[in-house]
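Asks: Give me a 3D structure for the following:
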Amino acid sequence: MRNFFIATIALMILSTNAFAQKETKLPSANIKTLDGTTINTRDLNNDGKPFVISFWATWCKPCKLELDNIAAVYPDWQEELGVKLYAVSIDDSRSMRRVAPTVSGKGWEYEVLLDSNMDFKRAMNVVNVPHTFVVDGKGNIVYQHSGYTVGDEDELFEILTKVAKGEKIKH
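Replies: Numbering: from 1, shown residues only. So this is what the prediction gives:
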C-alpha cells in the first residue's frame, strides 16, 4: 500500500509538471479590422514566425508611448526577425472613432485590430493596458508583460530573438 501511495504521489507530481509546461494557445474571440472585417483571434499568425499582440487604447498614454517607441525600431525587427505586431485597441464604441486617426497620425505600420466589446481582452486575462504578449510561430503564447517603461522594447526584442531561434522563454 505504501508503494502504491508513493507511486500515486510521483505520478501527480509528474502530471503537474507536464501541465505547467503546456503551451498556451490563443483563445477564440471575434474582433474587427480597421476596415470593419470580422476576424477570429485564433487565425492571428505570422507564417510560422513569432508575433506580438499589444493591447492598447487611444486614452492610454503609456500604450501610445510603447507603440511609438516600438515603431522606431519595428522596421529593423521585421527585417531581422520577420516579426509582426498586432495592435489591439480596447477602445469602446464611444472612443473607437479615434483609433484610425491616431494610427494614421502616428504612422504606425502595425496591423490594428478593434476589440470594442473587449471579448479578446477578457479571454487573454488582460486587466490593464498596455499589455503585451509574444506568440511563437506555432501560435503558443510564450511571454506577456503588463505596463510600460521606456526601454521595455529592448527586452521585448531580446525575447523575440530567442523565440525566433526556438529558445524557451523563462517567465
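
Asks: didn't E111 look like it was pressed against A87?
Replies: Yes: E111 lies in contact with A87 (C-beta atoms under 8 Å); the separation is 7.2 Å. All C-beta spots, glycine's among them, are computed from the backbone N, C-alpha and C.

Asks: Going by how many neighbours each has, rank the two and give me the top one.
Replies: Taking other C-beta atoms under 10 Å, E111 and A87 do not tie; A87 has more neighbours (23 against 17).

Asks: In contact with that one, which residues?
Replies: The contact partners of A87, taken as C-beta atoms under 8 Å, 6 or more residues apart in numbering, are 54, 56, 67, 103, 108, 110-113.

Asks: now do 6 Å
Replies: The neighbourhood of A87, defined by C-beta atoms under 6 Å, 6 or more residues apart in numbering, consists of 54, 56, 110, 112.

Asks: Check what pLDDT it gets.
Replies: If you check A87, the pLDDT there is 98.

Asks: can I assume it sits in a helix?
Replies: No: counting by DSSP: H, G, I helix; E, B strand; the rest coil, A87 is not found in a helix; it is strand.

Asks: can you list the weak-confidence ranges in this structure?
Replies: Counting by pLDDT under 70, the ranges of the chain that qualify are 1-23, 171.
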